[in-house]
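Peer 1: only the shape, not the letters, is given here:
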């Protein structure tokens, strides 16, 4: 009888520990989701800051060009117009590049999150499988 009680207690403890392991794996997955969300928000903030810096630098350069044009009597000339147009074109190209990088960062974060979820699910199913194997093994020993 004491062997039976020991087996029941052992299976009960194993069941509780398996349940707790699954709960902690779920908590870890949620924490990973929060981490990737926070990283995504940080990337967005950095992208906005980079775009603002780009716009600011372009405006400063345009102002300097306009000032030099005014001082040298070149206002309305094709050289000034071409220079200003070139700055605007470069700015658009840079902002487009920053947008592409932001899009890739988002894709990387999403892929990392999916990988973390899959890993978490695999750990949960591994734990369930171990529990089933242990219970089955105990049952076979009891029968034999």
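Peer 2: Thanks, I have the structure now. Keep in mind it's a predicted model, so treat the numbers as computed, not measured.

Peer 1: where along this structure do the helices fall?
Peer 2: 2-72, 78-143 (DSSP state H).

Peer 1: quick one: those as TSV, columns for mean pLDDT and mean neighbour count too.
Peer 2: Placement of C-beta: from N, CA and C, glycine included. Shown next, in TSV, are these (pLDDT from 0 to 100; neighbours: other Cβ atoms under 10 Å):
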stretch	mean pLDDT	mean neighbour count
helix 2-72	83	13
helix 78-143	81	13
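
Peer 1: for residue 73, what are phi and psi?
Peer 2: phi 80, psi 20 (degrees, to the nearest 10).

Peer 1: typed the wrong thing, it's residue 76
Peer 2: Per-residue torsions, residue 76: phi 90, psi 0 (degrees, to the nearest 10).

Peer 1: roughly how far does it sit from residue 8?
Peer 2: 95 Å (Cβ to Cβ, to the nearest Å).

Peer 1: and for residue 52?
Peer 2: 66 Å.

Peer 1: swap in residue 71?
Peer 2: 94 Å.

Peer 1: could you check how far the residue nearest the centre of the chain is from residue 11?
Peer 2: Centroid-nearest residue in the chain: residue 109, 2.8 Å away (criterion: Cα atoms, centre = their mean). To residue 11, residue 109 is 42 Å away according to Cβ to Cβ.

Peer 1: and what of residue 95?
Peer 2: Residue 95 sits 63 Å away from residue 11, taking Cβ to Cβ as the criterion.

Peer 1: and residue 23, by the same measure?
Peer 2: 19 Å.

Peer 1: what does residue 98 give?
Peer 2: Taking Cβ to Cβ, one finds residue 98 at 58 Å from residue 11.

Peer 1: please apply the same query to residue 114.
Peer 2: As judged by Cβ to Cβ, residue 114 and residue 11 stand 35 Å apart.

Peer 1: what does residue 124 give?
Peer 2: 19 Å.

Peer 1: and what of residue 127?
Peer 2: With Cβ to Cβ as the criterion, residue 127 and residue 11 are 15 Å apart.

Peer 1: now swap in residue 50 and tell me
Peer 2: For residue 50 relative to residue 11 (Cβ to Cβ), the value is 58 Å.
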